[in-house]
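Colleague: What follows is a predicted structure for the sequence shown.
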Amino acid sequence: MYLTKLFPIKMGLPGFFHPNLSLLNRLVAVSAVLALAPAAVASELTVTVTNLTRATWFTPLLVTAHPASFAAFTEGAAASVEIQSIAEAGDTTPMQALLPAGVAKVFNPNNGPLKPGSSTTTASFVGGSGTANSQLTILGMLVPTNDGFVALNAIDIPTAPGTYTYFANAYDAGTEANDEKKAAAGGINQPGMIFPAFLNDTTGNLSSTINPAATGFANATKEGFVHIHPGIIGSAPGGPSALDNTVYRWLNPVAHIVLTVK
């Protein structure tokens, strides 16, 4: 009613403006209508990640809200060196450098690796509705694996406030054969798995469920493209795999993710 008192004309569509209104009055009318329209407000986001595996750790996670024009990887395509660095060495630094300017990101919300069965929640960050950063991506290496990583890849951030639940799969970068043996050295392009200190038992020694002297699977070959990880095969003690098959085997999904949009 306020508008009709200011502008005693019919507001129906079509014919919003009366033909006798001056250009100035038309502009004033438009300004008044736009003032009543809700403004696009940036969303405040928090993400909680839970490791669903029994004995596999997640390296420090990268959580980012980014434009729809960016994707960390494409399933079925060859992995970039940035994904290889995450999947083989747990290093998100190259991927962080690749992110477009203006993204929102949270690195290492757990202040260290995320152990099996544990959860971590990010500090709040801005993204989604009202910003250019409409997509959410989460990345981290699975340890121990040859080139496995957990990922939520460029999903749409919901525009409505609420709590949203996702289950994240493990992916295989396809950059290394899944031979399940110990690597001679860390870093990328080093065949085998790394066994960081966080895999040690309470005595500070490598867990007895890991055999660093295992020969590995001789017939394993790298796939050459990113795909859903087939999981750890493992073997009985003394077998070809460095990993005990009663402890380290897992199936997808490997993570439970809760996104809160405010």
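Modeller: Thanks, I have the structure now. Numbering: from 1, shown residues only.

Colleague: which secondary element of this protein has the worst mean pLDDT?
Modeller: helix 2-6 (a mean of 36; mean pLDDT, DSSP states H and E).

Colleague: which residues touch the strand ranked longest in the chain?
Modeller: In the chain, with assignment by DSSP state E, the single longest strand is strand 162-172. Strand 162-172 has contacts (Cβ atoms under 8 Å, 6 or more residues apart in numbering) with 49, 73, 75, 87, 138, 142, 145, 147-152, 155, 158, 178, 223, 226-231, 250, 252-261. Heads up, the C-betas are built off the backbone N, CA and C, glycines and all.

Colleague: Return the set of buried residues in it.
Modeller: Y166, A168, N169, A170, Y171, D172 (16 or more other Cβ atoms under 10 Å).

Colleague: Ends of stretch 234-242, what's the gap?
Modeller: 7 Å (Cα to Cα, to the nearest Å).

Colleague: Could you list the buried residues of that stretch?
Modeller: Using 16+ other Cβ under 10 Å as the test for burial, stretch 234-242 gives G234, S235, G239, P240, S241, A242.

Colleague: Now tabulate those in JSON lines and tack on pLDDT.
Modeller: Formatted as JSON lines, the buried residues of stretch 234-242 follow (pLDDT from 0 to 100):
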{"residue": "G234", "pLDDT": "98"}
{"residue": "S235", "pLDDT": "98"}
{"residue": "G239", "pLDDT": "97"}
{"residue": "P240", "pLDDT": "98"}
{"residue": "S241", "pLDDT": "98"}
{"residue": "A242", "pLDDT": "98"}
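
Colleague: now the end-to-end length of stretch 115-126.
Modeller: 27 Å.

Colleague: And the average pLDDT for that stretch is what?
Modeller: For stretch 115-126, mean pLDDT is 98.

Colleague: Tell me which residues of it come out buried.
Modeller: Within stretch 115-126, the residues scored as buried using 16+ other Cβ under 10 Å are T120, T122, F125.

Colleague: now do stretch 250-259
Modeller: Within stretch 250-259, the residues that count as buried by 16+ other Cβ under 10 Å are W250, N252, V254, A255, I257, L259.

Colleague: Who are the contact partners of the last one?
Modeller: Each residue near L259 by Cβ under 8 Å, 6+ apart is listed here: L45, T46, V47, L136, I157, P158, T163, Y164, T165, Y166.

Colleague: Of those residues, which is the nearest to S80?
Modeller: Of all the contacts of L259, L136 has the smallest distance to S80: 19.2 Å, by Cβ to Cβ.

Colleague: Checking that closest one next. Helix, strand or coil?
Modeller: Under DSSP: H, G, I helix; E, B strand; the rest coil, the three-state class of L136 is strand.
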